[in-house]
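Enquirer: Fold the following for me, if possible:
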Amino acid sequence: MARLNLLEETRFEKLPVTIFKNPKEASLHVAHRIADLIREKQEKNENAVLGLATGATPIAVYAELVRLHKEEGLSFKNVVTFNLDEYYPMQPNADQSYVTFMNDHLFNHIDIDKNNIHIPDGTLALDDIQAYCLAYENKIESYGGLDIQILGIGRTGHIGFNEPGSAPNSGTRLVTLDDLTRRDAARDFGGKSNVPTKAITMGIGTIFKAREIVLMAWNKKKAPIIKKAVEGEISSDVPATYLQLSDNVEFILDEDAACSLTRFDTPWLVKDCTWTEELKRKAVIWLARKLRKPILKLTEDDFNNNGMAQLATEQGPVYNINIQIFNHLQHTITGWPGGKPNADDSQRPERAMPAKKRSIIFSPHPDDDVISMGGTFIRLVDQHHDVHVAYQTSGNTAVWDDDALRFVEFNIDFSEKMGFDQTEMRKTYNEMRNFIANKKPNQVDTDELKAVKGLIRKGEAIAGARYCGLPDDHIHFMALPFYESGKVTKNPVTDKDIELTMELLQKVKPQQVFAAGDFEDPHGTHIICFNIIVEALRRLQKTESWVNDCWLWMYRGAWLEFEPYEIEMAVPLSPQEVERKKMAIFKHQSQKDRAVFPGDDSREFWKRAEDRNRETAKIYDDLGLADYEAMEAFVRYRY
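Expert: Alright, predicted model coming up:
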């Protein structure tokens, strides 16, 4: 019976999927699977032939293999490896090369014979590539083929660099990279313009010959493409769907990457559910948006015809369910994000008391505060709460080099005008210009250049916070050490990051904390900063009683918003408040017009934020609630 239930649950899925709680557990599973293969082959005195991938996804797998080698004696003497791909052109010693990646994360730490390592050559002359690719295929065949091929997946659905349009029988070859793939790589190269337009990749036909194929994916950013790959029709538009044709494939996912699969996203379509309050909200709101009807106009037929008959039967009548969900959404709306004084707060998202709260808005970068919750920031100040803002990092990697030079030039001109000596400043300026003129893609800035860029962001943040009404002594710059590597890849979080956060929290003793709750990218600054705040609060909770009365509210960044069923506080903004928020964002001039790392969205940050806030208000309107100009949304985190 359990097997029948599982088949019903997964009937939308067209290939085997194994789901782990988090990337660490999944990575350990894959690493030990590879280790078992290596040992099995060793016992037979045979080579283990591994197809390996690069990118963020397999890093923890390689780390565990290194640990197994160093601590448990796993030998790689019998291992032969073939990497999936390499950018073209690419020097092997470049920071962005996959040779560097594999050496840093695996090969330099194990006892593998260097002659057994094979990575496509990004230095070849164009005329030599076709013959080289054929030889690469023949080399794999000479070892009897790949025993296991490890894959990640790109947001275009590419496996290796087999972009949309790739044929299922394709071999190793030179390909042109999709624009989205290049945008995703932009941070590693210091901008999309520096990302190569081509790559050498194993073909889908080559991958298919492996005796085992394991595709790994972590985090919600990958969830939409995973749904297409697992549940969609086979199409060259999503090359990963070709894996549905293999009998030897398995997708290994964490819960976040699997969250858009039907059995998790809309489970009522495939099985009977245990109807928690959150799942009920999710289902009813999903139904209303699918049918484009206000919640209070949903009927019993609507429920029955869309997989929700169980809910109607168990908790109906339907109209009562509708009223319950409608009332819940209505109670999330408040014009008093700090709580409404002298009011019944039993149906409000925030407490009425104390009437004037101490609040800290933590901003991972120097502009997240106004971009993500600028309207609420202004509202809290206008309502006379004791508001502090804490900028957790300098944001110095997101300033253009020419902007930095312009500010130094201003300083030189100003010093000259005031009659100050500019000798040292001119020397520093000339060194900066020389460095920038010879700067390699993604090269770490000099300390002086980092300092200038950090000061630019600091000045903009002060201007934005002042515009929102804060006095200077309520504006805090934390400069958390983990960020100050000057690289896209940051330093590990240490106790110093947590202790600095604890010091500020202990100084203010807030009743409210606002923090960026963007968890889609587990390697991003936002989630690192959020985890530091949570750990700081948990440590303080052991000794400080005030922490038990401190509520932590999460806001989202400029790209995504919380789902409507998740929202616990929705702060409506008037047209005037939308304009005030926009003006606060405009104070961040270095991020205006063209940001250094804009992501997929070409709109300016103020426009993204404005459109997102208006879309949230429209969703509430479409569901049958009041029609506001815009809304900022929050979810409470229970730590």
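Enquirer: I'd guess residue 45 is in a helix, am I close?
Expert: No: under DSSP: H, G, I helix; E, B strand; the rest coil, residue 45 falls outside any helix and is assigned coil.
Enquirer: where does the stretch 301-450 of the chain dip in pLDDT?
Expert: For the stretch 301-450 of the chain, applying pLDDT under 70 flags no range at all.
Enquirer: Where do the strands of it begin and end?
Expert: Counting by DSSP state E, counting those that start in this stretch, the stretch 301-450 of the chain has strands at residues 358-363, 386-391.
Enquirer: can I assume residue 298 is in contact with residue 323?
Expert: No: here residue 298 does not reach residue 323: they are 10.7 Å apart, not a contact under Cβ atoms under 8 Å. Placement of C-beta: from N, CA and C, glycine included.
Enquirer: Mind naming the longest strand for the chain?
Expert: strand 630-637 (DSSP state E).
Enquirer: Pairing partners for that one, with directions?
Expert: strand 551-555 (antiparallel), strand 569-573 (antiparallel) (DSSP bridges).
Enquirer: which stretch among these comes nearest residue 586?
Expert: Among the strands paired with strand 630-637, the nearest to residue 586 by Cβ to Cβ is strand 569-573 (16.4 Å).
Enquirer: ok, and what's touching the closest one?
Expert: If you take Cβ atoms under 8 Å, 6 or more residues apart in numbering as the criterion, strand 569-573 is touched by 332-335, 337, 349-350, 375-376, 379, 553, 581, 613, 616-617, 620, 626, 628-636.
Enquirer: for the longest strand of the chain, which positions count as buried?
Expert: Using 16 or more other Cβ atoms under 10 Å as the test for burial, strand 630-637 gives 630, 631, 632, 633, 634, 635, 637.
Enquirer: Among these, which one sits closest to residue 532?
Expert: Of all the buried residues of strand 630-637, residue 532 sits closest to residue 637, with 13.4 Å by Cβ to Cβ.
Enquirer: so where do the helices sit in the stretch 51-200 of the chain?
Expert: Here the stretch 51-200 of the chain has its helices, by DSSP state H, counting those that start in this stretch, at 59-72, 98-105, 129-142, 179-189.
Enquirer: Tabulate the strands paired with strand 630-637 (CSV), appending distance to residue 241 and mean neighbour count.
Expert: CSV is the format used below for the strands paired with strand 630-637 (distance: least, Cβ to Cβ, whole Å; neighbours: other Cβ atoms under 10 Å):
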stretch, distance to residue 241, mean neighbour count
strand 551-555, 34, 22
strand 569-573, 38, 24
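Enquirer: Now the helix or strand encompassing residue 538 - C-alpha only, CSV.
Expert: Assigned by DSSP states H and E, residue 538 falls within helix 525-541. Taking C-alpha atoms only, helix 525-541 is exported to CSV below (Å, rounded to 0.1, in the frame of the first residue of the first chain):
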residue,chain,number,x,y,z
THR,A,525,25.2,37.7,1.3
HIS,A,526,21.6,37.9,2.5
ILE,A,527,21.3,34.4,3.9
ILE,A,528,24.7,34.6,5.5
CYS,A,529,23.7,37.9,7.2
PHE,A,530,20.4,36.5,8.3
ASN,A,531,22.0,33.4,9.9
ILE,A,532,24.4,35.7,11.8
ILE,A,533,21.5,37.6,13.2
VAL,A,534,19.6,34.4,14.3
GLU,A,535,22.7,33.0,15.9
ALA,A,536,23.3,36.2,17.8
LEU,A,537,19.7,36.3,19.1
ARG,A,538,19.9,32.6,20.1
ARG,A,539,23.1,33.2,22.1
LEU,A,540,21.7,36.3,23.8
GLN,A,541,18.5,34.5,24.6
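Enquirer: So which elements touch it?
Expert: Applying 3 or more Cβ pairs under 8 Å, 6 or more residues apart in numbering; DSSP states H and E, we find helix 525-541 packed against helix 495-508, strand 512-516, strand 551-555.
Enquirer: Output the contacting helices and strands for the second one.
Expert: Meaning strand 512-516. strand 358-363, helix 368-382, helix 525-541, strand 551-555.
Enquirer: Can you list the strands that that strand pairs with?
Expert: Strand 512-516 has these strand partners (DSSP bridges): strand 358-363 (parallel), strand 551-555 (parallel).
Enquirer: So which of those is nearest residue 52?
Expert: Nearest of the strands paired with strand 512-516 (Cβ to Cβ): strand 551-555, 36.7 Å.
Enquirer: now the angle from that closest one to helix 368-382?
Expert: Interaxial angle, strand 551-555 versus helix 368-382 (axes from the mean of the first three to the mean of the last three Cα atoms, to 10 degrees): 130 degrees.
Enquirer: Understood, closing this out.
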